[in-house]
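A.B. asks: Just need the structure, nothing else, for what follows:
(one chain, ligands or ions: 2)
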Amino acid sequence: MTAGTATTTSVSLAVRDVHLAFGANRVLRGVDLDVARGATACVIGPSGSGKSTLLRTVNRLIEPDAGDVLLDGRSVLRDDPDALRQRIGMVFQQFNLFPHMTVLRNITLALRRLKKLPEDEAVALARTQLALVGLAGKADSRPAHLSGGQQQRVAIARALALQPEVMLFDEATSALDPELVKGVLGVMAELSAGGMTMVVVTHEMGFARSVADTVAFMDHGVVLEAGAPEAVFETPQHPRLRRFLSQVL
Ligand code: ADP
Ligand code: MG
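C.D. replies: Ligands and ions are numbered 1, 2, ... in the order given. Predicted structure coming up:
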């Protein structure tokens, strides 16, 4: 590197000192998180520590009281929320598919509404995404006729069809029967390997260890410790993290 050359940081998503309270409950108390372009950050931590709330502030389902969320160095807090949700996709524990629509329609709906794509383009894109999550044959099925794992893969395909820059996953496998978890984690691992920038809230410590570039441990509304998975899992510094790991591993 030449002296004096501006080093362009490859940080894609940056959460900066984000605070949020629900009434007297201070749920986020100064959260910082950096996710490099193409990297996967896993967020772990006890129930109630603010993980879901953090993800929701990133794509602006909730507005933080203070702090900032930067995408490519630019604050997202003044963007139009609909435009932002095309740039940041989110997958929830409950798949939130529309039960009365076919799988295909669940995917094309957002493409038509948000991206204003004509029907034939929306259908083509939806079919491509369905094939990528291994569900090419399920386009005309209703969600109720799919397994939970298949429904979650449809939800992932739906988010990916919008061609987001970042994907957020909030305990995407927690509602699944154990035998269905692997397929969904497999799709997520492939997405990660393919270079998607991801923030994954998960209780799947094996996934965090093998897929994450960074693991962040949240407790009581702050990231107490963050680092490479080997560091976080093998040489945890904070006593609270050590206690958490001793309970979950
Ligand atoms: P986690 O995902 O780590 O389990 P959450 O972010 O869901 O934690 O919740 C953190 C805290 O915020 C909890 O005390 C929860 O009760 C509270 N909380 C979350 N969402 C709301 C809301 N919409 N209104 C009031 N309190 C909320
Ligand atoms: Mg949660």
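A.B. asks: Just list the residues touching L125, thanks.
C.D. replies: I107, T108, L111, L117, A161 (CB atoms under 8 Å, 6 or more residues apart in numbering). Heads up, the C-betas are built off the backbone N, CA and C, glycines and all.
A.B. asks: What is the distance between the helix or strand it falls within and the centre of its chain?
C.D. replies: Using DSSP states H and E, the element containing L125 is helix 119-132. Helix 119-132 sits 22 Å away from the centroid of its parent chain (CA atoms, centre = their mean, to the nearest Å).
A.B. asks: Export the following helix or strand past that helix to CSV, keeping only CA atoms.
C.D. replies: The first helix or strand that comes after helix 119-132 along the chain, using DSSP H and E, is helix 148-161. Extracted in CSV, the C-alpha atoms of helix 148-161 (Å, rounded to 0.1, in the frame of the first residue of the first chain):
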residue,chain,number,x,y,z
GLY,A,148,-41.5,-25.7,7.6
GLY,A,149,-38.1,-26.0,6.1
GLN,A,150,-39.4,-25.5,2.6
GLN,A,151,-41.5,-22.6,3.7
GLN,A,152,-38.5,-20.9,5.2
ARG,A,153,-36.6,-21.5,2.0
VAL,A,154,-39.4,-19.8,0.1
ALA,A,155,-39.1,-16.9,2.5
ILE,A,156,-35.4,-16.7,1.8
ALA,A,157,-36.0,-16.9,-2.0
ARG,A,158,-38.6,-14.1,-1.6
ALA,A,159,-36.0,-11.9,0.2
LEU,A,160,-33.3,-12.7,-2.3
ALA,A,161,-35.5,-12.0,-5.3
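A.B. asks: for the record, mean pLDDT for helix 148-161?
C.D. replies: The average pLDDT within helix 148-161 is 97.
A.B. asks: Can you report how many residues neighbour the closest residue in space to E171 that isn't next to it in sequence?
C.D. replies: Among residues not flanking E171 along the chain, Q93 sits closest, at 4.4 Å (CB to CB, 6 or more residues apart in numbering). Q93 sits with 16 neighbouring residues when counted by other CB atoms under 10 Å.
A.B. asks: hang on, the earlier thing: pLDDT (mean, whole number) over the helix holding L125?
C.D. replies: pLDDT averaged over helix 119-132 gives 97.
A.B. asks: got the buried residues for the helix or strand bottoming out on mean pLDDT in the chain?
C.D. replies: Lowest mean confidence among the helices and strands of the chain (mean pLDDT, DSSP states H and E): helix 81-87, at a mean of 89. By 16 or more other CB atoms under 10 Å, the buried positions in helix 81-87 come out as L84, R85, Q86, R87.
A.B. asks: Off-centre distance for it?
C.D. replies: The answer for helix 81-87 is 14 Å, by CA atoms, centre = their mean.
A.B. asks: Next to ligand 1, which bits of the chain? Give me the list.
C.D. replies: Residues of the chain found near ligand 1 (CB under 6 Å from any ligand atom) are F22, N25, V27, G45, S47, G48, S49, G50, K51, S52, T53.
A.B. asks: looking at the residues you listed, which has the most residues close by?
C.D. replies: G50 (26 neighbours).
A.B. asks: just the strands in this structure please.
C.D. replies: Per DSSP state E, the chain carries strands over the ranges 11-22, 25-36, 40-44, 66-71, 74-75, 88-91, 166-170, 197-201, 214-219, 222-227.
A.B. asks: what comes up buried for the biggest helix by length in the chain?
C.D. replies: Counting residues, the longest helix found in the chain (DSSP state H) is helix 178-193. Within helix 178-193, the residues that qualify as buried are L180, V181, G183, V184, L185, V187, M188, L191, S192, counting by 16+ other CB under 10 Å.
A.B. asks: CA atoms only for stretch 162-169, dumped as PDB, please.
C.D. replies: The C-alpha trace of stretch 162-169 is given here as PDB (Å, rounded to 0.1, in the frame of the first residue of the first chain):
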ATOM      1  CA  LEU A 162     -35.300  -8.300  -4.400                       C
ATOM      2  CA  GLN A 163     -31.500  -8.600  -4.900                       C
ATOM      3  CA  PRO A 164     -30.600  -7.100  -1.600                       C
ATOM      4  CA  GLU A 165     -27.100  -6.000  -0.700                       C
ATOM      5  CA  VAL A 166     -27.400  -7.300   2.900                       C
ATOM      6  CA  MET A 167     -29.500 -10.200   4.300                       C
ATOM      7  CA  LEU A 168     -30.700 -10.300   8.000                       C
ATOM      8  CA  PHE A 169     -31.800 -13.600   9.500                       C
END
